[in-house]
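1. This is a predicted model, with the sequence first.
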Amino acid sequence: MFENIFGRTQTGVNAEIDNDISKYDSISKNSGALPGTREHNRTVGKEYQSYLSDKYKQDFSKQEANEFGKLAKESNAQAGVGLTVAGAMGATAGGLEYQRLMNMKKADALRSEGVWTKSAGLHTGYGFGFKGSFKADASNDWKSFRKDTHKVAGEGIMNSMGFMTKQQKDAFRMSGTMGKLMIASNPLSSALMIGSGMLAMEDPGQLATDQLSQAAAFTGFVSGMRLSGALTGNLGKASMMGTVGKGAAKILGGGVVGAAAYAGVQGISAGIRDITSAESQIGSSMYKKSSREYYGDISQNQATLTARQKALQQVNSSVFNDRGFTLGNEASILRNVSL
């Protein structure tokens, strides 16, 4: 939606979002405060926060209301350009971004109740949150396990490299100071570990293994929880004890799968490093299995010892064992002629 000399024009957003953007413009114009002042922004933000919370029946933080307000303001400002390509594109971009984030906010509410959604939640991401993990039934856990595991793995790998995913950036943008610190803590700690390891000249292979192991453990824990929830069925709905039991089963399952994933990455890495090493234990073991060693276990007695002594005497007395004598006299020796 945007205003121009020809009236209202659709930007590709649905009517619900169109009304939200128009509502912000209306609140801004009727605030009674001078636009651009601190008082104006505070008054408009508070009223818009109340409007969004009442309309969508879920809590909107002050930061969320302000960010949605900025997008609405951006879309309305671009609408004032008139019927131009720049104005249409600006209004559309602001409106579509507003709609995308609002869909993620709605997904937050559903996932917090244990209901799987195709879209990631604004703050829950591809999980259900603490409360939603206990409320999710077997079908929702199974859907999350099948359709979200690879996304969780991608998030873990990105974080282990020191980067945030797009969903995390959206959550960071919509969170307060404490929320921002919590979201940034994982990728920030990974970046610090990588940086300190490089400065200390640590083995790059081991450094990469440690980071990937953490990503695997995170993915394994989340997917293990979802799989455990799917296998335990609807136990949580039976009683309070059932809910606690299902929660314990999820945590246990997540811990087991997470530990197995961590050990698996460490084991594969150790195997690769050993095979490529000059002193490979695996290579040595494979060589011994593929080759044969011939030997005999002979019991020693007086006769065998006498035979061995005679053989050694024959070797020592042979002319072929005297290099000083044989070199240059090969023809004479072969004719049994002794010089």
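-> Noted; the coordinates are in hand. Numbers count the residues shown, from 1 in each chain.
2. contacts, neighbours, all on C-alpha from now
-> OK.
3. just for the stretch 201-339 of the chain, where's the confidence low?
-> Low-confidence segments of the stretch 201-339 of the chain, defined by pLDDT under 70: 234-243, 277-284, 286-298, 315-330, 333, 335-339.
4. Would you map the helices across it?
-> Here the stretch 201-339 of the chain has its helices, by DSSP state H, counting those that start in this stretch, at 204-231, 240-275, 281-290, 302-317, 323-326, 330-334.
5. hey, which of these is tucked in deepest?
-> Of the helices of the stretch 201-339 of the chain, the one with the most neighbours on average (mean count of other Cα atoms under 10 Å) is helix 204-231, at a mean of 22.
6. Which strands or helices does it pack on?
-> Here helix 204-231 is seen to pack against helix 138-160, helix 177-199, helix 240-275 when contacts are counted using 3 or more Cα pairs under 8 Å, 6 or more residues apart in numbering; DSSP states H and E.
7. mind running it again at 10 Å?
-> Applying 3 or more Cα pairs under 10 Å, 6 or more residues apart in numbering; DSSP states H and E, one finds that helix 204-231 contacts helix 129-135, helix 138-160, helix 177-199, helix 240-275.
8. Contacts for the third one, please.
-> With Cα atoms under 10 Å, 6 or more residues apart in numbering as the contact definition, helix 177-199 has outside contacts at 63, 123, 155-165, 168-169, 171-175, 200-204, 206-208, 210-211, 214.
9. Give me the buried entries from these.
-> Among those, those classed as buried by 16 or more other Cα atoms under 10 Å are 63, 123, 155-164, 168-169, 171-172, 174-175, 210-211, 214.
10. so F172 touches M164, yeah?
-> Yes - distance between F172 and M164: 9.5 Å, which falls inside the contact criterion (Cα atoms under 10 Å).
11. Surely P35 forms part of a helix?
-> No - secondary structure of P35 (DSSP: H, G, I helix; E, B strand; the rest coil): coil, not part of a helix.
12. That one touches K73, doesn't it?
-> No - here P35 lies out of contact with K73, judged by Cα under 10 Å, at a distance of 11.7 Å.
13. Neighbour count: these two, which is higher?
-> More neighbours sit around K73 than around the other of P35 and K73, counting by other Cα atoms under 10 Å; the figures are 20 against 13.
14. Domain map for the chain?
-> In the assignment given by automatic domain parsing, the structural domains of the chain cover 2-111, 129-278.
15. Turn these into CSV, columns for distance to A311.
-> Output for these, formatted as CSV (distance: least, Cα to Cα, whole Å):
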stretch, distance to A311
domain 2-111, 88
domain 129-278, 41
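16. Any idea which of those gets closest to L334?
-> In terms of Cα to Cα, the element of the domains of the chain nearest to L334 is domain 129-278, at 47.4 Å.
17. Quick one: distance of that closest one to the chain centre.
-> Remark: domain 129-278 is offset 6 Å from the chain centroid, using Cα atoms, centre = their mean, to the nearest Å.
18. what's the spacing between the most centrally placed residue in the chain and A215?
-> When the chain is reduced to its mean C-alpha position, the nearest residue by Cα atoms, centre = their mean turns out to be G156, at 1.3 Å. Applying Cα to Cα, to the nearest Å, the value for G156 to A215 is 4 Å.
19. Might you report the residue contacts of G258?
-> Residues counted as contacts of G258 (Cα under 10 Å, 6+ apart) are 213-225, 252, 264.
20. Nearest to H150 among those residues?
-> Nearest to H150 among the contacts of G258, counting by Cα to Cα, is T219 at 8.4 Å.
21. Spatially, what comes nearest to the closest one if we skip its sequence neighbours?
-> In space, T219 comes closest to A153 once its chain neighbours are excluded; the distance is 5.2 Å by Cα to Cα, 6 or more residues apart in numbering.
22. Please read off the pLDDT at that neighbour from the model.
-> Note on A153: pLDDT of 91.
23. ok, it touching S213?
-> No - taking contacts as Cα under 10 Å, A153 lies outside contact range of S213: 11.4 Å.
24. what is in contact with these two at once?
-> Listed contacts common to A153 and S213 are T219; contacts here mean Cα under 10 Å, 6+ apart.
25. Cross-check the contact I'm expecting between G229 and F128.
-> No - with contact taken as Cα under 10 Å, G229 and F128 are classed as non-touching, separated by 11.9 Å.
26. Could you tell me which residues touch both of P35 and K73?
-> Taking Cα under 10 Å, 6+ apart as the contact criterion, the residues that touch both P35 and K73 are S28.
27. Okay, now the unreliable bits of the stretch 51-200 of the chain?
-> Applying pLDDT under 70 to the predicted model, the residue ranges of the stretch 51-200 of the chain that meet it are 77-92.
28. OK, contacts around Y126?
-> Under the criterion of Cα under 10 Å, 6+ apart, the contact list for Y126 reads 107-108, 111, 116-120, 144, 147-149, 151-152, 155, 167, 222.
29. what's the answer for V152, then?
-> Under the criterion of Cα under 10 Å, 6+ apart, the contact list for V152 reads 125-127, 145, 158, 215-216, 218-220, 222-223.
30. Of these, which pair is most distant in space?
-> The farthest-apart pair in those, when distances are taken by Cα to Cα, is F145 and M158, at 19.5 Å.
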